[in-house]
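Enquirer: Next input, structure requested:
(2 chains)
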Amino acid sequence: MPNQLPVTPATTIRMPKDSNMTLIDLANPTRFLSLTARILPWLAGATAILLAIGLYQSAMAPDDYQQGATVKIMFIHVPNAWLSMFVWGVMSIAALGTLVWRHPLADVAAKAAAPIGAAFTFLALVTGSLWGRPMWGTYWEWDARLTSVLILFLMYLGLMALWRAVEDPSRAARAAAILTLVGAINLPIIKFSVDWWNTLHQPASVFRMGGPTLDRAFLMPLLVMAVAFSLLFITLHIAAMRNEILRRRVRSLQMMQASQRSA
Amino acid sequence: MSLGPYASFIVTSYALVTAVVLLLIVWVAIDFRRQKQRLRELEQSGVTRRSGRTAADIK
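Expert: Residues are numbered from 1 along each chain as shown, chains lettered A, B, ... in the order given. Next up is the predicted model:
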């Protein structure tokens, strides 16, 4: 029984048919597609459940003694802000995959992540602005944190425009990978902007030396929402990668069709 | 649950996040259908992949 691994006399773990699948095998787009078909429903389900729990905890969280109920905006603003940087980090690793390891799925991953990252950055900016108006008295301030995140958003848009402008995906991938790696310089600037400059934006209150300064009543819903939004990104990213693989198959078939017609 | 004097800011934030997340989900779903449809049309016109796999194999 090659597909069954004995654990105890009473139980066995049924291994998938392609149990010898390794990470290197995922470089094969066909294998990747078969894997996505199996894991996407589970990822989507886990995301929905965690989002529901996170939204419930956010609704039930107490008001802050200074900010009142506006603290609830934090539960959606902060996960989006974290993901805006995380997605660019993922794209930077994918850019290395394109330029250094020439992994066949690296540029697919980078291209698929860009619109999702742009959406998270947009949401971080707008929810931050809506939180800022009642707390700071202004929707916008050209301080280092807000400006560096706005630059990140513009870089996402630039990257998406570059992908559209260059027709050949492999040529676009190399140009986009270089731009992504150059843009990664902005990530530490965003992270440490509140420490390096005098900003209206508050300093880090979760990932900081000495531990979080947030009370547990706010920290728990925030962390659940952060995990839920991260799962949402993973789900959407894998689905968008699947779409991009199919788009490239369509392109290659169209080219075959065109060459058959001209022959 | 009372949202206080700034309820409109809180409700707008959550509504906007919901709308954008739903847009992302719908965009991904529509794009998937569109690519599968294009693959099917190309296969029906006689263009096939060397592996012989078809759009019907994609779930």
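Enquirer: count of neighbours near A:Val87?
Expert: Other residues lying near A:Val87 total 23 when counted by other C-beta atoms under 10 Å in any protein chain shown. The C-beta positions use only the backbone N, C-alpha and C, and glycine is treated the same way.
Enquirer: wouldn't B:Leu39 be in contact with A:Ser252 here?
Expert: No: using C-beta atoms under 8 Å, B:Leu39 makes no contact with A:Ser252, being 10.6 Å away.
Enquirer: Helices of the stretch 101-250 of chain A, residue ranges please.
Expert: According to DSSP state H, counting those that start in this stretch, the stretch 101-250 of chain A carries its helices in the segments A:106-136, A:144-165, A:169-183, A:186-196, A:216-262.
Enquirer: Out of the ones you listed, which one sits most buried?
Expert: Sort these by mean neighbour count, taking mean count of other C-beta atoms under 10 Å in any protein chain shown, and helix A:106-136 sits at the top with a mean of 22.
Enquirer: helices or strands next to that one in the packing?
Expert: helix A:74-96, helix A:144-165, helix A:169-183, helix A:216-262, helix B:7-44 (3 or more C-beta pairs under 8 Å, 6 or more residues apart in numbering or on different chains; DSSP states H and E).
Enquirer: dump the residue contacts of the residue of chain B found nearest chain A.
Expert: Using C-beta to the nearest C-beta, the single residue of chain B nearest to chain A is B:Gln35, 3.7 Å away. Contact analysis of B:Gln35 by C-beta atoms under 8 Å, 6 or more residues apart in numbering or on different chains lists A:243, A:246-247, A:249-250.
Enquirer: Restricting to those, which residues neighbour chain B?
Expert: Counting by C-beta under 8 Å from any C-beta of the partner chain, A:243, A:246-247, A:249-250 from the contacts of B:Gln35 sit close to chain B.
Enquirer: So which of the residues you listed is the closest to A:Ala173?
Expert: A:Arg247 (13.5 Å; C-beta to C-beta).
Enquirer: Not counting sequence-adjacent ones, nearest residue to A:Thr121?
Expert: A:Ser84 (3.8 Å; C-beta to C-beta, 6 or more residues apart in numbering or on different chains).
Enquirer: What distance do you get for the one you found to chain B?
Expert: Remark: distance between A:Ser84 and chain B (C-beta to the nearest C-beta, to the nearest Å) = 13 Å.
Enquirer: Which residues of the stretch 101-250 of chain A lie near chain B?
Expert: Proximity of the stretch 101-250 of chain A to chain B, by C-beta under 8 Å from any C-beta, involves residues A:115-116, A:119, A:122-123, A:126-127, A:130-131, A:133-134, A:232, A:236, A:239-240, A:242-243, A:246-247, A:249-250.
Enquirer: Per-residue pLDDT of the residue of chain B closest to chain A, please?
Expert: pLDDT, B:Gln35: 95.
Enquirer: how much space between it and A:Val78?
Expert: Look at B:Gln35 and A:Val78: by C-beta to C-beta, to the nearest Å, they are 34 Å apart.
Enquirer: Likewise for A:Gln67?
Expert: Using C-beta to C-beta, we find A:Gln67 at a distance of 13 Å from A:Val78.
Enquirer: quick one: which of these two has more around it?
Expert: The neighbour count for A:Gln67 versus A:Val78, taken as other C-beta under 10 Å, is higher for A:Val78 (22 against 16).
Enquirer: Please name the residues that touch that one.
Expert: For A:Val78, the contacting residues are A:206, A:222, A:225-226, by C-beta under 8 Å, 6+ apart.
Enquirer: now, which of the ones next to chain B among the contacts of B:Gln35 sits nearest chain B?
Expert: A:Leu246 (3.7 Å).
Enquirer: looking at it, the closest one is touching B:Phe32, isn't it?
Expert: Yes: applying C-beta under 8 Å, one finds A:Leu246 in contact with B:Phe32, separated by 7.3 Å.
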